[in-house]
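Colleague: Starting from these lines, generate the structure:
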Amino acid sequence: MISVIIPTFNEEENIAQCLVSLRHQTVPRSEYEIIVVDGSSKDRTCEIAQKYADRVFVQTSRKIGGARNDGMMAATGDVVATTDADCIIPPTWIETIKKGFEDKDIVQLYGPVYPIEEGIKNSISLFFANTFSQLGYYTKIFYYTLGCNTAFRKDAVVKAGMYLCIDAGDDLEIALRMKKYGKVQFDSAMKVGFSMRRYQQYGSLKSIYEWIYIVAHGGEVQKFSYSQKEYK
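Modeller: Here you go, the predicted model:
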């Protein structure tokens, strides 16, 4: 069993397409569960999610990392995978994760992203992000993992302490702890469609600057409201 965890907050415009894509996988539906952990949305996110997910509940821990942690503790699968509510999941995603964890030494698996929205600027931006991720992995200097496209062996991630409950960088930092328990593996076949809406609405340079600033200051600052941005 693989448990897929999706944090949400005011995602009524996106959650259905994400969950529908998850329900159309190449593996039988009985082999995975879908868990939506909501951050007290003010719109119809939970109502819509209940039509497609196996479980929908309101988080009790702080921040997006806390939502992922709440989902992990509720998960029944031996493997837990995380993605975002505005992502679109290719049909082979869960099959790729399942095959990856056939290697008993692997404790974390992650992969690249591609832009949902059209445009050369979006493609170039994620090309550099994916190149950065692969550079870190193959040099073993760092692991640029993303919360929208990562999977863990559940017992290992619980031992490691799961995600930090911070505004940004929680999905980057966790791999440094996970590698103490086994192999952290990059798989280029494990792709997800990534929404560029943050960068389109708030600007790429500003969004990247805010992320770097928060990470450099320990993952949480009062200067920016980064983890619960409102989108048009």
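
Colleague: what stretches of the chain score poorly on pLDDT?
Modeller: Residues of the chain that meet the criterion pLDDT under 70 lie in 168-169, 197-232.

Colleague: Any idea how many residues pack against Glu47?
Modeller: 12 (other CB atoms under 10 Å). C-beta: built from backbone N, CA, C; applies to glycine.

Colleague: How about Val184?
Modeller: Around Val184 there are 23 residues (other CB under 10 Å).

Colleague: again with Phe194
Modeller: Around Phe194 there are 24 residues (other CB under 10 Å).

Colleague: from here on, count from 855
Modeller: Noted, 855 is the first residue going forward, which turns the last one into Phe1048.

Colleague: So for it, what's the nearest residue that isn't a sequence neighbour?
Modeller: Nearest non-adjacent residue to Phe1048, counting by CB to CB, 6 or more residues apart in numbering: Val967, 3.7 Å away.

Colleague: before we move on, what about Gly990?
Modeller: For Gly990, the spatially nearest residue (CB to CB, 6+ apart) is Phe996, at 4.2 Å.

Colleague: can you give me the strands in this structure?
Modeller: Applying DSSP state E to the chain gives strands spanning 856-862, 886-892, 909-912, 933-936, 960-964, 967-969, 1004-1007, 1037-1040, 1046-1048.

Colleague: Convert the C-alpha atoms of the second one to CSV, please.
Modeller: If I follow you right, that is strand 886-892. In CSV, the C-alpha atoms belonging to strand 886-892 read as follows (Å, rounded to 0.1, in the frame of the first residue of the first chain):
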residue,chain,number,x,y,z
TYR,A,886,-2.9,3.1,-2.9
GLU,A,887,-4.9,5.6,-0.7
ILE,A,888,-5.4,9.3,-1.1
ILE,A,889,-5.3,11.5,2.0
VAL,A,890,-6.1,15.2,1.9
VAL,A,891,-5.0,17.3,4.9
ASP,A,892,-6.6,20.7,4.9
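
Colleague: If you count neighbours, what's buried in the lengthiest helix in the chain?
Modeller: The longest helix of the chain (DSSP state H) is helix 974-993. By 16 or more other CB atoms under 10 Å, the buried positions in helix 974-993 come out as Asn976, Ser979, Leu980, Ala983, Asn984, Ser987, Gly990, Tyr991.

Colleague: for the nearest residue in space to Phe1040 that is not next to it in sequence, what are its contacts?
Modeller: With CB to CB, 6+ apart as the criterion, Phe1040 has its nearest non-adjacent residue at 4.2 Å, and that residue is Tyr991. Contact analysis of Tyr991 by CB atoms under 8 Å, 6 or more residues apart in numbering lists Tyr997, Tyr998, Phe1040.
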